[in-house]
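Enquirer: Quick one: sequence plus predicted model below, questions after.
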Amino acid sequence: MSDDAALGPPPPEVVDYYGRFPEESRLESGGSLLEFERSKEILLRVLPKPPARVLDVGGAAGAYSAFLAERGYEVHLVDLSPRLVEEARKRNAGSARPVESFTVADARRLPQNDGWASAVLVMGPLYHLPDATDRAAALREAFRVLAAPGVVVAAAISRYASALDGMARKFSLDPQFVPIRDRDLADGQHRNETRNVHYFTTAYFHRPADLRSELEAAGFRDASLFGVEGPGWILPDFEERWRDDALRNDLLTVARALESEPSVLGASAHLLGVGRKSR
């Protein structure tokens, strides 16, 4: 495990945010519907075949854990939030193909042994580690607990997400939002001192190249990047389109077509970086 003495506590405002914000229902509305469908597509494409053992780090209320368990994977969920881990456990109760375990732990200090998992998901922790040293520690932990050969899938929020979201939802009319957006664009360091949950919480927003570099620095090879949503998530009539079969298919088709195009990767709100451990 990582050296606990070298790592500070997680930002308290992040812990507070997930104690208040209903993360367990986030993927059920708005552009997050597209995020969820596309992330599931990419996971099934890059993960080893079931019944591979998957460690879902930052798994929150278990949306991806449950999805993968239903498809025959042996899934273990870890999250920093006791509330969300308990919510995941409740949702898992009675499942025909349950998630195997639920643990409250920091992504930088995983309790699993070396080489324990065939795949590791890091689908949230990198957002909330604003210090590059902490992000490196989380990715080194993912590398440590991953068997060789094995695959990591790490999620990041795009550097440009708040600018695009703010434009679509007219947040720029709020003078408190503008400096948040401007700092995001300048250095990726997202800070929200307004307590408006729509403006998120302390986070780091990656440029696509940053995510690739961080994966490679942690030891992962053959790093590849995927833009999850494409530009469709910012459409003001997104939910109306999502309810229409033809228009929903159009949103998915465009996202798939643009997922690996370097010139538009940052237009997705979320990025997935995929890396491999060969030894």
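Expert: Now that the structure is in, tell me what you want to look at. Fair warning: this is a prediction, and the values are worked out from it, not measured in the lab.
Enquirer: what is the mean pLDDT for stretch 71-83?
Expert: When pLDDT is averaged along stretch 71-83, the result is 96.
Enquirer: Can you give me the buried ones in it?
Expert: Counting neighbours by 16 or more other CB atoms under 10 Å, one finds that the buried residues in stretch 71-83 are R71, Y73, E74, V75, H76, L77, V78, D79, L80, S81, R83. C-beta here means a position set from N, CA and C on the backbone, and glycine is covered the same way.
Enquirer: Mark which of those are part of strands, please.
Expert: Within the buried residues of stretch 71-83, membership in strands is found for E74, V75, H76, L77, V78, D79, as judged by DSSP state E.
Enquirer: ok, what's across the strand from the second one?
Expert: So that's V75. V54 (DSSP bridges).
Enquirer: List the contacts of it.
Expert: V75 makes contact with R53, V54, D56, S65, L68, A69, V99, E100, according to CB atoms under 8 Å, 6 or more residues apart in numbering.
Enquirer: What of the fourth one?
Expert: For L77, the contacting residues are D56, G59, G62, S65, V85, A88, V99, S101, F102, T103, taking CB under 8 Å, 6+ apart as the criterion.
Enquirer: switch the cut-off to 6 Å
Expert: L77 is in contact with D56, G59, G62, S65, A88, V99, F102, counting by CB atoms under 6 Å, 6 or more residues apart in numbering.
Enquirer: for the third one, same thing?
Expert: For H76, the contacting residues are L55, E100, S101, by CB under 6 Å, 6+ apart.
Enquirer: okay, the contacts of V75 in CSV with secondary structure and neighbour count next?
Expert: Listed next are the contacts of V75 as CSV, based on DSSP: H, G, I helix; E, B strand; the rest coil; neighbours: other CB atoms under 10 Å:
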residue, secondary structure, neighbour count
R53, strand, 19
V54, strand, 28
D56, strand, 31
S65, helix, 30
L68, helix, 26
A69, helix, 24
V99, coil, 24
E100, coil, 14
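Enquirer: And the helices in this structure, which stretches?
Expert: Applying DSSP state H to the chain gives helices spanning 12-20, 32-46, 63-70, 82-92, 132-145, 161-168, 177-187, 208-217, 238-243, 245-258.
Enquirer: Can you lay out the contacts of V75 as a markdown table showing distance to A161?
Expert: Output for those, formatted as a markdown table (distance: CB to CB, whole Å):
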| residue | distance to A161 |
| --- | --- |
| R53 | 32 |
| V54 | 26 |
| D56 | 22 |
| S65 | 24 |
| L68 | 25 |
| A69 | 29 |
| V99 | 29 |
| E100 | 33 |
